[in-house]
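J.: show me the folded form of this:
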Amino acid sequence: MNLSTSTDYELVQLYENGNDKAFDEILQRHQNYVYSYILFLVKEEEQANDIFQETFTRAIIAIRSHRYQTTGKFSAWLIRIAHNLIIDSTRETETGKLVTQEKFSPNILNDIRLSEGTIESNIMEQQKADQIRKMLDYLPEVQREVIIMRFYEDLSFKEIAEKTGVSINTSLGRMRYALINLRKLVQQHNIALVG
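T.: Numbering: from 1, shown residues only. Reported below is the predicted structural model:
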């Protein structure tokens, strides 16, 4: 099958079923549009790079965990992820300022992620996090390193690249393979990531 002539939907299906080259085609096809959208809104290159990389990291996780649903154009779904990350980023930099509904899309203030969890859900999340942390030991060192730097040390992909002496694309690739391997381990150990 020629990936360059495949539809976005076909590429997502292929990637979901383990064809990593399909994701490379997805990235190639949509990276300029998504990055331009992000940069237009945040106006700052380093922040735009971080949000761009996080957008595709989240897309990887959603597709590989079978959470992507075809409810419209794939590019619109990517933009929605990027938009939500931009809002999160704006919220972090404007801590303490009043958030008005006019500033964000109508349903953002009803987002479940803005509510506090129950004690039970917090305990369950902590248990999942502990189990996943233990599984990091089974990853190759370079993959474990990028996961720890990104999710536990909260470093940007640019900072990870500088610390490890590789390109940003290599860091992103290591993250992609780390998430693929982690997902396999999670499935082998029957850990439900979606609660």
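J.: name the helix or strand for the spatially most central residue of the chain, please.
T.: Geometric centre of the chain, nearest residue: residue 58, 1.9 Å, by CA atoms, centre = their mean. Assigning secondary structure by DSSP states H and E places residue 58 in helix 45-64.
J.: quick one on the thing from earlier: what's the pLDDT at the residue nearest to the centre of the chain?
T.: Note for residue 58: predicted pLDDT of 89.
J.: residue 80: neighbour count?
T.: Using other CB atoms under 10 Å, residue 80 has 14 neighbouring residues. Bear in mind the C-beta positions are built from the backbone N, C-alpha and C, glycine included.
J.: tell me which element it is part of?
T.: helix 74-93.
J.: show the average pLDDT along that helix.
T.: pLDDT averaged over helix 74-93 gives 85.
J.: right, and the helix or strand after the helix or strand bottoming out on mean pLDDT in the chain?
T.: Ranked by mean pLDDT, DSSP states H and E, the weakest helix or strand in the chain is helix 119-135, scoring a mean of 67. Past helix 119-135, further along toward the C-terminus, the next helix or strand under DSSP H and E is helix 141-147.
J.: okay, buried residues for stretch 50-70 please.
T.: 50-57, 59-64, 68 (16 or more other CB atoms under 10 Å).
J.: and of those, the nearest to residue 36?
T.: residue 52 (9.8 Å; CB to CB).
J.: state the distance from the closest one to residue 19.
T.: 23 Å (CB to CB, to the nearest Å).
J.: for stretch 26-38, the distance to its chain's centre please.
T.: With CA atoms, centre = their mean, to the nearest Å as the basis, stretch 26-38 stands 14 Å off its chain's centre.
J.: just the C-alpha atoms of that stretch, please, in CSV.
T.: This file holds the C-alpha atoms of stretch 26-38, laid out as CSV (Å, rounded to 0.1, in the frame of the first residue of the first chain):
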residue,chain,number,x,y,z
ILE,A,26,0.6,11.6,9.1
LEU,A,27,3.2,13.8,10.7
GLN,A,28,4.6,14.8,7.3
ARG,A,29,1.2,15.6,6.0
HIS,A,30,-0.1,17.8,8.9
GLN,A,31,3.0,19.3,10.6
ASN,A,32,3.2,22.6,8.7
TYR,A,33,-0.6,23.3,9.1
VAL,A,34,-0.7,22.4,12.8
TYR,A,35,2.6,24.3,13.6
SER,A,36,1.4,27.4,11.7
TYR,A,37,-1.9,27.4,13.7
ILE,A,38,-0.1,27.1,17.0
